[in-house]
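Trainee: okay, predicted coordinates and the sequence, questions at the end:
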Amino acid sequence: MKIRVLIADDHRLFAEALAAILAIDERIEVVGQAADGEKAVELAASKDPDVVLMDIQMPRLDGVEAARRIREGPNATAVLMLTGSDSAADVARAREAGAAGYVTKDRIASELIDSIVEVSAK
């Protein structure tokens, strides 16, 4: 079975690049993309992904609060936070919201797929 992934990032080109990277791996299926936190929460409920890749800074509802709502939902989907920052405060906020992991955008190529597989197995 494939790992179902929802991408939540407000930068369209970045989200499309992520989808293209993930499409290369036969273990992963991208089931949707959200450009804001509210849409991410909505799609997580309707698409039932195994993992949500969530940008920490999102419009309408920030990524940390969106992660919290997704984790509190009926599916308790794993959330992997994506950010350009490696701030200790951001990491702490993401963990408090129930994020399963945290990947900085500069390390995506080397760590993202392994992180997705790891958090989906929990």
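Mentor: Ah, there it is.
Trainee: sec struct for Val119, please.
Mentor: When the structure is reduced to helix, strand and coil (DSSP: H, G, I helix; E, B strand; the rest coil), Val119 reads as helix.
Trainee: for Arg4, same thing?
Mentor: Of the three states, Arg4 takes strand under three-state DSSP.
Trainee: where do the helices of this protein begin and end?
Mentor: When assigned using DSSP state H, the helices of the chain occupy the ranges 12-23, 37-47, 63-72, 88-96, 108-120.
Trainee: list the beta-bridge partners for the spatially most central residue of the chain.
Mentor: Averaging the C-alpha coordinates of the chain gives a centre point, and the residue nearest to it by CA atoms, centre = their mean is Leu53 (1.2 Å). Legend: beta-bridge partners of Leu53 under DSSP bridges are Ile7, Leu80.
Trainee: hang on, the earlier thing: okay, the helices of the chain, which one's buried deepest?
Mentor: Neighbour counts (mean count of other CB atoms under 10 Å) averaged over each of the helices of the chain peak at helix 63-72, with a mean of 22. In this view, the C-beta of every residue, glycine as well, is placed from N, C-alpha and C.
Trainee: check the helices of the chain for me: which has the lowest mean pLDDT.
Mentor: The stretch with the lowest mean pLDDT among those is helix 108-120, at a mean of 81.
Trainee: tell me what angle that helix forms with strand 3-8.
Mentor: Orientation note: helix 108-120 sits at an angle of 120 degrees relative to strand 3-8 (axes from the mean of the first three to the mean of the last three CA atoms, to 10 degrees).
Trainee: what is helix 108-120 packed up against?
Mentor: Using 3 or more CB pairs under 8 Å, 6 or more residues apart in numbering; DSSP states H and E as the contact criterion, the neighbours of helix 108-120 among helices and strands are strand 3-8, helix 12-23, strand 51-55, strand 78-83, strand 101-104.
Trainee: reformat the ones you listed as TSV; add distance to Ala34.
Mentor: TSV is the format used below for those (distance: least, CB to CB, whole Å):
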stretch	distance to Ala34
strand 3-8	4
helix 12-23	8
strand 51-55	9
strand 78-83	12
strand 101-104	17
